[in-house]
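In: okay, sequence plus prediction incoming.
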Amino acid sequence: MAVLDRGEHALLMAAGMFWQTGWSLVLGFCLSAVLQAIIPAEQMRKAFGRGGAREIALATVAGAASSSCSYASAAIMRTLFKKGAALVASLAFLFASTNLVLELGVILFLLLGWEFMAAEWIGGVVLIVVMSVLVKLTFPRRLVEEARTYKEEGYGHEHMSAAAEGETWRARLASPEARIKVAQNFAMEWRMLWKDLAAGFLIGGFLSAFVPDSVWQALFLADASPAVRTVANVLIGPIVAMLTFVCSIGNVPLAAILWSGGASFGGVIAFLYADLIVLPLLDVYRRYFGWKMMAYMATIFFVTMAAAALVVDLGFQATGFVPDRAVDIRARMTKFSFNYTFWLNLVALVLAAYLFVQNRRHPMDHSAHHHGTDASA
């Protein structure tokens, strides 16, 4: 009976996390769909040809406005890089698309509070700065050229965004087909992300029910000295993320469980940053660019994520902005009431239904926008 009770609690917890964040996901995917409809990928590629500060900044803005799915972002990054974009600009796009997107910040705010939302967005900029410095200091010119021409292995994750016709973004937004393109992009986002989201909520729910806080406290060295714990946690966080197999927004519920269980602020932040080095994504990089480039990217990513988390953690400690751990995440996620969340979810459901119907009436032509596994790109 105890196991059944815990199983019921796990499912209730998972449902509660989805209920609290559902409207924010619809909002984020809608905005992302609109931006993808007015900013063609080819235009981005031409803007990222060099690796200067301007190109990195443009890539950061474009990434923040793009898909929040890690697999989709990796596919776009691969296309940009193999068609001539600088490596550092391509990676800046990748980091921004998984750390600076609106829906990620909102879901962090709803589950963990504004401090984590601020740490994610501030840290996203720190991540890109640290990564840019590391890439420029260690730039492997020969390896980069080999990666550009690497003969890829087939892979099933693809990204095909739909952009409206028009010379400027205003013209594309005003185009009669804009509504259809937005609906197609919205449906595409859900198709790519729903499994990650479902896995994240379910794993988070089951971890909250079956793994006692003492396990997380031991793993994240809760009894160690503050200095040792601060450094150790930003190294442990990415390793835990690598082994969870859940990336993108799907790892936010797990981060909430780690925080309530006893991980440090920096450890949770490092865990959130590390969605780009989960094992399935490392295999994607291998298939796209080869073993050597995958190893280089994994090393740069890990060092960048740990360093950025350490900087953010120390900064938040110095300013007194590390949040209070007193909030009971389990009680908060399993409480239902007819409040603003109910009405926002109702509006979001109607909007999502409308966009899905539009997409069903006008399905995307997958042969027209291909950012997948074609090795000649």
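Out: Looks like it came in fine.
In: could I get the full set of helices for the stretch 251-377 of the chain?
Out: Under the criterion DSSP state H, counting those that start in this stretch, helices of the stretch 251-377 of the chain are mapped to 252-261, 265-273, 279-289, 291-319, 329-333, 340-361.
In: redo the ones you listed as TSV? Include distance to Ser214 and mean pLDDT.
Out: In short, each C-beta sits where N, CA and C put it, glycine included. Formatted as TSV, the helices of the stretch 251-377 of the chain follow (distance: least, CB to CB, whole Å; pLDDT from 0 to 100):
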stretch	distance to Ser214	mean pLDDT
helix 252-261	9	85
helix 265-273	16	94
helix 279-289	27	86
helix 291-319	23	96
helix 329-333	15	68
helix 340-361	32	91
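In: give me the spatial nearest neighbour of Ala92, chain neighbours excluded.
Out: Leaving aside its chain neighbours, Ala92 sits nearest to Ala59 (4.2 Å; criterion: CB to CB, 6 or more residues apart in numbering).
In: one step back: out of the helices of the stretch 251-377 of the chain, which is the most enclosed?
Out: Mean neighbours per residue, mean count of other CB atoms under 10 Å, is largest over those for helix 265-273, with a mean of 29.
In: centre of the chain versus that helix, how much separation?
Out: 13 Å (CA atoms, centre = their mean, to the nearest Å).
In: and stretch 198-214, by the same measure?
Out: With CA atoms, centre = their mean as the basis, the mean position of stretch 198-214 lies at 20 Å from the chain mean.
In: redo the helices of the stretch 251-377 of the chain as a markdown table? Include distance to Gly200.
Out: Below are the helices of the stretch 251-377 of the chain laid out as a markdown table (distance: least, CB to CB, whole Å):
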| stretch | distance to Gly200 |
| --- | --- |
| helix 252-261 | 5 |
| helix 265-273 | 12 |
| helix 279-289 | 14 |
| helix 291-319 | 18 |
| helix 329-333 | 13 |
| helix 340-361 | 18 |
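In: and of those helices, who's closest to Pro140?
Out: In terms of CB to CB, the element of the helices of the stretch 251-377 of the chain nearest to Pro140 is helix 291-319, at 6.2 Å.
In: sorry, back to before: can you get me a residue count around the residue nearest to Ala92?
Out: Close neighbours of Ala59, defined as other CB atoms under 10 Å, add up to 29.
In: begin at 38 from now on, thanks
Out: Sure thing, new numbering starts at 38, so read that last one as Ala96.
In: can you dump the C-alpha coordinates of the helix or strand that contains it into CSV?
Out: Element membership of Ala96, judged by DSSP states H and E, is helix 90-101. Provided in CSV are the C-alpha atoms of helix 90-101 (Å, rounded to 0.1, in the frame of the first residue of the first chain):
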residue,chain,number,x,y,z
ALA,A,90,31.2,40.5,-30.9
ARG,A,91,28.5,41.7,-33.2
GLU,A,92,27.9,38.3,-34.7
ILE,A,93,27.8,36.7,-31.2
ALA,A,94,25.3,39.3,-30.0
LEU,A,95,23.1,38.7,-33.1
ALA,A,96,23.3,34.9,-32.6
THR,A,97,22.3,35.4,-28.9
VAL,A,98,19.2,37.4,-29.8
ALA,A,99,18.3,35.0,-32.6
GLY,A,100,18.7,32.0,-30.2
ALA,A,101,16.5,33.6,-27.5
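In: in it, what counts as buried?
Out: Under the neighbour-count criterion of 16 or more other CB atoms under 10 Å, helix 90-101 has 92-93, 95-101 buried.
In: what's the answer for stretch 147-155, then?
Out: 147-149, 152-155.
In: save the residues you listed as a markdown table, and put in pLDDT too.
Out: Listed next are those as a markdown table, based on pLDDT from 0 to 100:
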| residue | pLDDT |
| --- | --- |
| Leu147 | 84 |
| Leu148 | 83 |
| Leu149 | 87 |
| Glu152 | 94 |
| Phe153 | 94 |
| Met154 | 94 |
| Ala155 | 94 |
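In: Ala255: which of those residues is nearest?
Out: Closest to Ala255, out of all of those and judged by CB to CB, is Leu149, at 21.9 Å.
In: quick check: closest non-adjacent residue to that closest one.
Out: Ala293 (5.6 Å).
In: these two touch, right, that neighbour and Phe146?
Out: No: Ala293 lies out of contact with Phe146 (CB atoms under 8 Å); the separation is 11.7 Å.
In: quick one: contacts for Phe132?
Out: 97, 100, 161, 164-165, 168, 313, 341 (CB atoms under 8 Å, 6 or more residues apart in numbering).
In: repeat the analysis, applying 7 Å as the threshold.
Out: 100, 161, 164-165, 168 (CB atoms under 7 Å, 6 or more residues apart in numbering).
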